[in-house]
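Novice: I would like the atomic coordinates for the input below:
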Amino acid sequence: MKYDTLVIGAGIAGLQAALDLAEQGRQVVLVEKNPSIGGRMISLSKVYPTLDCASCITTPRMASVAHHPNITTLTYTEVKQVIAQPDGTYHAHISKKPRFIEEDKCIGCKRCEEVCPVYIRDDFEHNLGAKKAISIPFTNAIPQFPVLTPDQCTWCGACANACPVDCIDYLQEPRDIFVEVGAVLVATGFELTPFNAKPQYGGGVLPNVITSLQGERLLAPHGPFGRVLRPSDGKVPDSIAFVQCAGSRDASLGVPYCSRVCCMYAIKQAMLLSGSLPTADITIYYMDIRAFGKGYEAFYQNAKAMGINFVKAKVGRIRAGEDGNVFLRIERQEESSQPEEMNHDLVILSLGMKPQWNPKTLAWDMETDLDGFVKSPDAPMDPATTTCAGVYACGTATGPKDIVDTIIEAGNAAMVVGNHLARGNA
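Specialist: Numbering: from 1, shown residues only. Down below sits the predicted model:
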């Protein structure tokens, strides 16, 4: 199959770039490794500094991509190899993973999900909730096709018996797809730094120490509990702490850089928690606040005016207390330097950003920076270019950035790719 552009990743950057290219009249194949498009942003509660609904921004783009005649969307699919050709085009080997359903038959009725007797951890809820062994990833997923998890399935046949269109296929195998494109756009996004990278913080061990994305799901109106409850016992937390730089600016973790968004998303979550739990005591332990964008400083000052506590301190250790509470051993930086312990019901670790995917699997001459993100040799004048001709990148594939900068970069990348194609290189 031939297309003008291969876009790898269907987060907000990939969606925006694919739409812009499609509006130029280009034929785009959009590849996403997860069962649904939408990326990280579709799981967020709200965005800063406007506190607009994240789903309200992302879902229209998802729908536009799904229905655009110039975009072919391949979900639950991974790019295995991209090889440059002498004529300037690229040949891509793509592998579509089995959902164990026939997509051309499925009508999204959820009967298979209703009758399935097996519950498993819900990765969309970051393990705070449960889902069936065969289920649609989340409510507004696109496409509305279920995925069967073979490792957890008991092969009882209940879903096959309940399916009204007989689309369950237990013998389905991965399918190889080969495409030829004139350009490649990498929009592979980010992943959080490991939750358990600092064992002294108790990540993954203490049930009431959670990640920032788990905090987002607690605040989401369609989250796992429907309101803010702490995971261990369902208690409404009265005292909540944020620990900043829990996965960034730490050379011992291999992440010496600032992830740029952690301060702002912690402030956003703190403000939302203050609205949901008006009587709760909310504290942010920080090294320094980096509010660099338009309206960000005012957002920070508003949070302080709301009564959110900002404590400039280093958190050395987190340990379990009684009744599921958590003790933070801190050392204040602006007052007495004597270590002290602070008691909280719930702790949220502000984890940083790492590259989602190693782009060196794309092409042999593509380079990455020391931090592992795609290298942009002509940045900041031309941030979309890479060290591989005909291959471009945008969003957090090239480094940590917020949603606003990601969308702007995606639009720029679509323009650069369009110019590359117009020059007759494909």
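Novice: rest of the way, CA atoms for contacts and neighbours
Specialist: Fine.
Novice: for the protein, what's the longest helix?
Specialist: Identified as the longest helix of the chain according to DSSP state H is helix 403-420.
Novice: Can you list the neighbours in contact with that helix?
Specialist: With contacts defined as C-alpha atoms under 8 Å, 6 or more residues apart in numbering, helix 403-420 is touched by 12-14, 16-18, 20-21, 24, 26, 183, 185, 383-384, 390, 392-396.
Novice: switch the cut-off to 7 Å
Specialist: For helix 403-420, the surrounding residues in contact (C-alpha atoms under 7 Å, 6 or more residues apart in numbering) are 12-13, 16-17, 20-21, 183, 384, 393-396.
Novice: Stretch 191-205 now?
Specialist: So stretch 191-205 is contacted by 209-211, 247, 253, 317-319, 351-356 (C-alpha under 7 Å, 6+ apart).
Novice: Try it again at 10 Å.
Specialist: 40, 208-213, 243, 246-248, 252-255, 259, 315-320, 326, 328-329, 347-357, 396 (C-alpha atoms under 10 Å, 6 or more residues apart in numbering).
Novice: What subset of those is buried?
Specialist: Neighbour counting by 16 or more other C-alpha atoms under 10 Å classes 208-213, 243, 246-248, 255, 259, 315, 318-320, 326, 328-329, 347-357, 396 among the contacts of stretch 191-205 as buried.
Novice: Among the residues you listed, which lie within helices?
Specialist: Short answer: the buried ones among the contacts of stretch 191-205 in helices (DSSP H) are 212-213.
Novice: For the stretch 51-200 of the chain, which segments count as strands?
Specialist: 52-53, 71-74, 77-84, 90-96, 119-121, 130-132, 134-135, 147-148, 175-186, 190-192 (DSSP state E, counting those that start in this stretch).
Novice: which of those strands sits most buried?
Specialist: strand 134-135 (a mean of 24; mean count of other C-alpha atoms under 10 Å).
Novice: Neighbouring strands of that strand in the sheet, and parallel or not?
Specialist: strand 147-148 (antiparallel) (DSSP bridges).
Novice: which of the contacts of helix 403-420 lies closest to residue 71?
Specialist: Nearest to residue 71, judged by C-alpha to C-alpha, of those is residue 21 at 9.1 Å.
Novice: per-domain residue ranges of the protein.
Specialist: Segmentation of the chain into domains, based on automatic domain parsing, reads 2-97+174-189+356-425, 111-162, 193-353.
Novice: Reformat the contacts of helix 403-420 as CSV; add secondary structure, pLDDT and distance to residue 138.
Specialist: Below are the contacts of helix 403-420 laid out as CSV (DSSP: H, G, I helix; E, B strand; the rest coil; pLDDT from 0 to 100; distance: C-alpha to C-alpha, whole Å):
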residue, secondary structure, pLDDT, distance to residue 138
12, helix, 98, 17
13, helix, 98, 20
16, helix, 98, 21
17, helix, 98, 24
20, helix, 98, 26
21, helix, 98, 28
183, strand, 96, 32
384, coil, 96, 32
393, strand, 96, 28
394, coil, 97, 26
395, helix, 96, 24
396, helix, 97, 24
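Novice: Tabulate those (a markdown table), appending distance to residue 304.
Specialist: Shown next, in a markdown table, are those (distance: C-alpha to C-alpha, whole Å):
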| residue | distance to residue 304 |
| --- | --- |
| 12 | 30 |
| 13 | 32 |
| 16 | 34 |
| 17 | 37 |
| 20 | 39 |
| 21 | 42 |
| 183 | 47 |
| 384 | 37 |
| 393 | 37 |
| 394 | 34 |
| 395 | 30 |
| 396 | 29 |
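Novice: Of the residues you listed, which count as buried by neighbour count?
Specialist: For the contacts of helix 403-420, buried by 16+ other C-alpha under 10 Å: 12-13, 16-17, 20-21, 183, 384, 393-396.
Novice: Please name the nearest non-neighbouring residue to residue 73.
Specialist: Nearest residue to residue 73, sequence neighbours excluded (C-alpha to C-alpha, 6 or more residues apart in numbering): residue 30, at 4.8 Å.
Novice: so what's that neighbour up against?
Specialist: 5-10, 14-15, 17-18, 37, 65, 71-75, 77, 185.
Novice: what do you get for residue 182?
Specialist: Contacts of residue 182 (C-alpha under 10 Å, 6+ apart): 2-6, 84-85, 87-91, 390-391, 417, 420-421, 424-426.
Novice: Of the residues you listed, keep whichever come out buried.
Specialist: Here, 16+ other C-alpha under 10 Å leaves 3-6, 84, 89-91, 390-391, 417, 420-421, 426 buried among the contacts of residue 182.
Novice: between the residues you listed, which is nearest residue 136?
Specialist: residue 6 (25.8 Å).
Novice: my read: the closest one touches residue 93, true?
Specialist: No: using C-alpha atoms under 10 Å, residue 6 is not in contact with residue 93; the gap is 11.2 Å.
Novice: Common neighbours of those two, please.
Specialist: What both residue 6 and residue 93 touch, as defined by C-alpha under 10 Å, 6+ apart, is the set 79, 179-180.
Novice: I'd like to know which of those residues is nearest to residue 373.
Specialist: After measuring the shared contacts of residue 6 and residue 93 against residue 373 - C-alpha to C-alpha - the closest member comes out as residue 79, at 17.8 Å.
Novice: Okay, and the beta partners of the closest one?
Specialist: Bridge pairing for residue 79 - DSSP bridges - gives residue 94.
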